[in-house]
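> Pasting a predicted model and its sequence here:
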Amino acid sequence: MINVIASEWLKLRSLRSTYYVLACTLSALVITGAAALSISRYFDTRGLSGEIVGTGLRFSADIPPVLFGMLGVLAISGEYGTGMIRLTLTTVRRRWMALLAKATVVAAVAAVGGQVVAFATYLTAQAVVSGRPIGASLSEPAALAEVLAAGAGSAVAAVIGLALATILRSTPGALVALVALPLLPAVIERFLPAPWNDWVASLTLPALTRQLAGVPDAGGFGPFTATAILAGYVVFSLFAAALVINRRDV
């Protein structure tokens, strides 16, 4: 298994798309900085009577899941496109092992990358706030937890992207599904009464990541439930992908 993981790591870091995706995560810093600057200017003119910046992660919370989900998609969809997946599955007789190795690699890269982006985003927000009482110190309750939880959310997104590409065998199809699926809770919750609407809206990856950290008013679930749901996303995605890859010719 270690050799298979090493092979998948070599494949992932040899893809130019990996570096393009990682570079695009810098957009989170730009968006957060712009939002923090706008709120800081409002504070300078009207005082503490509006929105606060806090950690700043919520301003760009939708970006890392999409980008690291794309990383998961591109980790396997290219092999389907070129036909190299046949060589992979011929070399690794147990197809589920190849899938698990890919999931391990993309999850690890996304977790580290997501964590780096989270800390960079936090530092960007605090630099823009520049001592105003609208930021958040890492010593405050839930602030450090919110930053640390970002890596977990990115890892889950990468595994989901990998599973979608495995099931659909299409880069465009998997990318469309990756963007469309997170929108479903926001659409469904509009037609549900309370508290069901709050629970459905709490099922998105950004919301679950903040609930995992115990951020107040982040959603309808506590840290334990949010952790269980995130784990469920990973297990269900990999199980569905494993069923497909084992039963389908490539």
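Happy to help now that I have it.
> Could you list the low-pLDDT ranges of this structure?
Low-confidence segments of the chain, defined by pLDDT under 70: 88-90, 92, 248-250.
> need the helices for it, in chain order.
For the chain, helices defined by DSSP state H occupy the ranges 2-14, 16-24, 27-46, 63-82, 84-91, 95-129, 143-168, 171-180, 183-188, 196-201, 205-212, 223-247.
> Check which helices and strands the third one sits against.
Okay, so that is helix 27-46. helix 63-82, helix 95-129 (3 or more C-beta pairs under 8 Å, 6 or more residues apart in numbering; DSSP states H and E). In short, each C-beta sits where N, CA and C put it, glycine included.
> tell me the most buried of those helices?
helix 63-82 (a mean of 24; mean count of other C-beta atoms under 10 Å).
> Between helix 171-180 and it, find me the angle.
160 degrees (axes from the mean of the first three to the mean of the last three C-alpha atoms, to 10 degrees).
> chain center to helix 63-82: distance?
Mean C-alpha position of helix 63-82 versus that of the full chain (C-alpha atoms, centre = their mean, to the nearest Å) differs by 12 Å.
> CA atoms only: put that helix into CSV for me.
C-alpha atoms of helix 63-82 as CSV (Å, rounded to 0.1, in the frame of the first residue of the first chain):
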residue,chain,number,x,y,z
ILE,A,63,-13.3,29.0,-2.4
PRO,A,64,-11.1,26.3,-0.8
PRO,A,65,-13.7,23.5,-1.0
VAL,A,66,-14.3,24.1,-4.7
LEU,A,67,-10.6,24.4,-5.5
PHE,A,68,-9.5,21.4,-3.5
GLY,A,69,-12.4,19.5,-4.8
MET,A,70,-11.1,20.3,-8.3
LEU,A,71,-7.7,18.9,-7.2
GLY,A,72,-9.5,15.7,-6.4
VAL,A,73,-11.3,15.6,-9.7
LEU,A,74,-8.1,16.3,-11.7
ALA,A,75,-6.2,13.6,-9.8
ILE,A,76,-8.0,10.9,-11.6
SER,A,77,-10.1,12.4,-14.5
GLY,A,78,-6.9,12.9,-16.5
GLU,A,79,-6.1,9.2,-16.3
TYR,A,80,-9.5,8.4,-17.6
GLY,A,81,-9.0,10.8,-20.5
THR,A,82,-5.6,9.5,-21.5
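> let's number from 662 now, not from 1
Sure, I'll start counting at 662 from here, so that last one is helix 724-743.
> re earlier: okay, the helices and strands packed on helix 688-707 in JSON lines with distance to Pro843 next?
Shown next, in JSON lines, are the helices and strands packed on helix 688-707 (distance: least, C-beta to C-beta, whole Å):
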{"stretch": "helix 724-743", "distance to Pro843": "7"}
{"stretch": "helix 756-790", "distance to Pro843": "16"}
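> between those helices, which gets nearest to Ala797?
Closest of these to Ala797 is helix 756-790, at 7.6 Å (criterion: C-beta to C-beta).
> and the angle from the closest one to helix 663-675?
The directions of helix 756-790 and helix 663-675 differ by 50 degrees, with the same axes, to 10 degrees as the criterion.
> For helix 756-790, which helices and strands make contact with it?
helix 663-675, helix 688-707, helix 724-743, helix 745-752, helix 804-829, helix 884-908.
> now it and helix 866-873, what's the angle there?
Using the same axes, to 10 degrees: helix 756-790 against helix 866-873 is 80 degrees.
> So which of the helices and strands packed on helix 688-707 is nearest Phe900?
It's helix 756-790; of the helices and strands packed on helix 688-707, that one is closest to Phe900 (C-beta to C-beta) at 9.6 Å.
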